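**Student:** What shape does this take:
(chains A and B)
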Amino acid sequence: MTSELLLIATLDGIAYAALVFIVSVGLTLIFGVLRVLNVAHGSLYAVGAYVAASFGLGIAAAKISPWLSYPALAVAAAIVGIVLGSAIERLLLQRIYDKEEVLQLLATFAVFMILDDVQRLIWGVQPYFVATPLQLLGNVQIGSITYTAYQIILLPAVAVVVLVGLRLYLRHATSGKVILAVAEDREAARAIGINVSRVYLTTFIIGAILAALGGSLASPTTSILPGMGTDMLVLSFAVAASAGLGRIEGAAITALLIGLGRSIAVYWAPELDILVPYLIMTLVLLVRPQGLFSSFQSRRI
Amino acid sequence: MSWRGLGGLVLAALILAAVGYWLPWTRTLLIIAMSKGLAALGIIVLLRAGQVSFGHAMFFAASAYAAGFVSRALGGTDIAVMLIVGVVAAAALSAVVGLFVVRYRQIFFGMLNLALSMVLYSILEKFFEITGGSDGLRMRRPSMFGLVLDRNDFDLALVFLSIGFALLATVGVLVYFASPLGQALRAIKSNETRLEYIGVSARSVLLISYVISAVTGAVGGVLLAALQELASPSFSYWIQSGEFVFIAILGGAAHPIGAFAGALVYEGVQIYASAFATDVWELILGLVIVGIILFAPRGLVGLAYETFAGRARKAPADDSGAIYDVAPAAGEQRQ
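**Tutor:** Presented below is the predicted three-dimensional model:
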């Protein structure tokens, strides 16, 4: 592999890792607090992408400033996260917190299947491609490589903002500290008067918004197809599990690891590109069953 | 197991066989349902220990491909050879994979299985020269224990064979559940630490059940491949694994018969759904899962138990609040 190819692979990996991190940090946050592995996370990602693409098409059709498509990406994520997130938590999850983990997993799996068909019913099976946000920002020159500014500057920047923002929110804002308290000890939090059920709802909505944000940010860079949520779900689980479920900073590092591993595999051994994330996760879990950044004493998020 | 229970199972098998004999259009449905039921039975075995595998289709696929390779190498072979090869391959694979995955519980167990099955899926799909890629591996229709049969007779024989295996597997799993090993499996679910305290290795108990669950799935995989004369990567896809788990939960994990009851209902409904509601099939399925979890967490077996046995004798309290061991399994009633 030439150094040029290696550079391209690294840039691809960083852009991809940024997206995977945004999605997987939502997954890990929900798991850390609710103790539910949200399989429907993959469909929130896909619906976020579809809604963002619809907004993009709407902006193009209305002939208003194309720069509006950036706020539209964020608005799409917020709408999807709040509407679907609160519906899933209130209507389904809240009824089954006392049931077994296996049943909770199956319930979110069911939501995933339902939303999969809903996507098909609303948006059909033809691929969407809305690249306006990608083109508007132009390209940057890195060494001998020309790369889109959207992927190599905007996406990592958003990922860093999410990482730092979440950290500040959880450690310094009162509502964030309350989330940490519930993650640490549900019963004790309830005993000191924290409304646990509301914390669950807030956390789930934040996680859902992050999943949808990953989708809306990904929408300009890829064609949007039915089934796109599946890959992202497994990938973000691989990231979250390798980091240790509930670890936010760890998820950033494993996202980079898996993103880079995958993009290097794309150039070096294309047959293996789907395999690499699974292999990394399996290897990590074999050596450290709790994940790379987990220890029994530390907090979960 | 009581003689009455055994008689009931044999009777049910005979009724199914009679349906297959007199109503030719049900034959494909029956074979598919029994094949998937055998795989779902593997899920029920693991559910005894409170574990769920979201990747069990990997053994379904491994056996189908192993049988396919042998069939291709020999230019067509016998169903017995295919079954033996398929079962041996899946048992070997599950013993190796099992050594790793039995160290994990709950979500990690489920998702590691999922990851490994997806590894198999991408291998099957990507290594085109060996596996036929996404087109799958074609194989000739095997002879049936030495008899070369035409399509119709072969299907009928396969109906009898698959029902026979379903009966055998149900009885086998009942005996297994009643044995000390099977009881230890329940202990993994209720209190693994205590199990270790009395000197039983939870990992070996789980490993044995893992291999057993892979073997029942392997039989199903070979039967389905023999029916379709094809093994394809979709055999190992995660949706296929999810389907097995769904069938097990739909049928109810309290009794092995739930796997086959669930599979018959599932496949029967799918035939109609694919004719009238192709677009919303997953939607319907998802709603049904939610409905079962919220309103009938014990599945069809639980419903039947409440309807028939519940009148004569109050259903025993569900000790763990779970779907898995509601009614005492037939094997335990003897005590």
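
**Student:** Can you show me the strands along the chain?
**Tutor:** Picked chain A for this. Secondary structure of chain A (DSSP state E): strands at A:139-142, A:145-148.

**Student:** actually it's chain B I care about, not the one you picked
**Tutor:** Counting by DSSP E, chain B has strands at residues B:137-138, B:230-231.

**Student:** And these: which comes nearest B:Gly42?
**Tutor:** Closest to B:Gly42 of the strands of chain B is strand B:230-231 (CB to CB; 18.0 Å). To be clear about C-beta, it is placed using only N, CA and C from the backbone, and glycine gets the same treatment.

**Student:** For that closest one, the averaged confidence score.
**Tutor:** The average pLDDT for strand B:230-231 rounds to 84.

**Student:** helices and strands around that strand, which ones?
**Tutor:** helix B:57-74, strand B:137-138 (3 or more CB pairs under 8 Å, 6 or more residues apart in numbering or on different chains; DSSP states H and E).

**Student:** residues touching A:Leu272, list them.
**Tutor:** Residues near A:Leu272 by CB atoms under 8 Å, 6 or more residues apart in numbering or on different chains: A:Ala265, B:Lys126.

**Student:** Then A:Val199?
**Tutor:** Under the criterion of CB under 8 Å, 6+ apart, the neighbours of A:Val199 are A:Val33, A:Val178, A:Ile179, A:Val182, A:Ala189.

**Student:** Give me the neighbour count for the closest residue to it other than its chain neighbours.
**Tutor:** Using CB to CB, 6 or more residues apart in numbering or on different chains and skipping the chain neighbours, the partner closest in space to A:Val199 is A:Val182 (4.7 Å). By other CB atoms under 10 Å in any protein chain shown, the residues close to A:Val182 number 26.

**Student:** quick one: A:Val182 from A:Gly26, how far?
**Tutor:** 17 Å (CB to CB, to the nearest Å).

**Student:** picking that back up, including distance to chain A, could the helices and strands packed on strand B:230-231 go into CSV?
**Tutor:** Below are the helices and strands packed on strand B:230-231 laid out as CSV (distance: least, CB to the nearest CB, whole Å):
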stretch, distance to chain A
helix B:57-74, 12
strand B:137-138, 18
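
**Student:** re earlier: the strands of chain A into a markdown table, with extra columns for distance to B:Gly302, mean neighbour count and mean pLDDT?
**Tutor:** Output for the strands of chain A, formatted as a markdown table (distance: least, CB to CB, whole Å; neighbours: other CB atoms under 10 Å in any protein chain shown; pLDDT from 0 to 100):
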| stretch | distance to B:Gly302 | mean neighbour count | mean pLDDT |
| --- | --- | --- | --- |
| strand A:139-142 | 61 | 12 | 80 |
| strand A:145-148 | 55 | 16 | 81 |
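
**Student:** Nearest to chain B, out of these?
**Tutor:** Of all the strands of chain A, the one in closest proximity to chain B, counting by CB to the nearest CB, is strand A:145-148 (27.9 Å).

**Student:** so how far is the helix or strand that the closest one is followed by from its chain's centroid?
**Tutor:** Note on strand A:145-148: by DSSP states H and E, the next helix or strand toward the C-terminus is helix A:149. Centroid separation for helix A:149 versus its chain: 21 Å, with CA atoms, centre = their mean, to the nearest Å.

**Student:** what packs against helix A:149?
**Tutor:** If you count contacts as 3+ CB pairs under 8 Å, 6+ apart, helix A:149 packs onto no helix or strand.

**Student:** Any stretches of chain B with poor pLDDT?
**Tutor:** Low-confidence segments of chain B (pLDDT under 70): B:1, B:309-335.

**Student:** So which residues of the stretch 101-250 of chain A form helices?
**Tutor:** Ranges of helices in the stretch 101-250 of chain A, per DSSP state H, counting those that start in this stretch, are A:101-123, A:132-136, A:149, A:155-172, A:174-184, A:186-191, A:196-218, A:228-243, A:248-268.

**Student:** B:Pro24 is nearest to which of these?
**Tutor:** B:Pro24 lies closest, by CB to CB, to one member of the helices of the stretch 101-250 of chain A: helix A:101-123, at 32.6 Å.

**Student:** Mind giving me the packing neighbours of that closest one?
**Tutor:** When contacts are defined as 3+ CB pairs under 8 Å, 6+ apart, helix A:101-123 sits against helix A:41-62, helix A:228-243, helix B:106-126, helix B:238-251, helix B:281-295.

**Student:** one more time with 10 Å
**Tutor:** Where contact means 3 or more CB pairs under 10 Å, 6 or more residues apart in numbering or on different chains; DSSP states H and E, helix A:101-123 is packed against helix A:41-62, helix A:69-87, helix A:228-243, helix B:106-126, helix B:238-251, helix B:281-295.

**Student:** Please state the offset of it from the chain centre?
**Tutor:** Distance of helix A:101-123 from its chain centroid, counting by CA atoms, centre = their mean, is 17 Å.

**Student:** separation between A:Gly215 and B:Ala248?
**Tutor:** Counting by CB to CB - A:Gly215 and B:Ala248 are separated by 32 Å.

**Student:** Check B:Val119 too.
**Tutor:** Distance, B:Val119 to B:Ala248, by CB to CB: 23 Å.

**Student:** Of the two, which one has the most company?
**Tutor:** B:Ala248 (30 against 18).

**Student:** Could you give the number of residues near B:Tyr176?
**Tutor:** B:Tyr176: 18 surrounding residues under other CB under 10 Å.

**Student:** Report how many residues lie close to the nearest residue to B:Leu6 once chain neighbours are set aside.
**Tutor:** Of all residues not flanking B:Leu6 in the chain, B:Val171 sits nearest, at 6.8 Å (CB to CB, 6+ apart). Using other CB under 10 Å, the number of residues around B:Val171 comes to 18.

**Student:** Is B:Val171 in contact with B:Ala12, as I believe?
**Tutor:** No - contact criterion CB atoms under 10 Å: B:Val171 and B:Ala12 do not qualify, at 11.8 Å.

**Student:** quick revisit: which of the helices and strands packed on strand B:230-231 sits closest to B:Gln270?
**Tutor:** Among the helices and strands packed on strand B:230-231, helix B:57-74 comes nearest to B:Gln270, with 16.6 Å by CB to CB.

**Student:** buried ones in the closest one?
**Tutor:** The neighbour-count check on helix B:57-74 (16 or more other CB atoms under 10 Å in any protein chain shown) flags B:57-71 as buried.

**Student:** what residue of chain B is the furthest out?
**Tutor:** Largest separation from the mean C-alpha position in chain B: B:Tyr197, at 31.9 Å (CA atoms, centre = their mean).

**Student:** Return the residues in contact with that one.
**Tutor:** By CB atoms under 10 Å, 6 or more residues apart in numbering or on different chains, the residues touching B:Tyr197 are B:Asn191.

**Student:** and B:Arg105, backbone torsions?
**Tutor:** Backbone torsions for B:Arg105, taken as degrees, to the nearest 10, come to phi -130, psi 160.

**Student:** swap that for B:Gly199, please
**Tutor:** The phi/psi pair for B:Gly199 (degrees, to the nearest 10) is phi 90, psi 20.

**Student:** Around chain A, pick out the residues from the stretch 1-150 of chain B.
**Tutor:** B:47, B:50-52, B:54, B:100-101, B:103-112, B:114-119, B:121-123, B:125-128 (CB under 10 Å from any CB of the partner chain).

**Student:** Quick one: end-to-end distance for stretch A:282-292.
**Tutor:** Stretch A:282-292 has an end-to-end distance of 12 Å (CA to CA, to the nearest Å).
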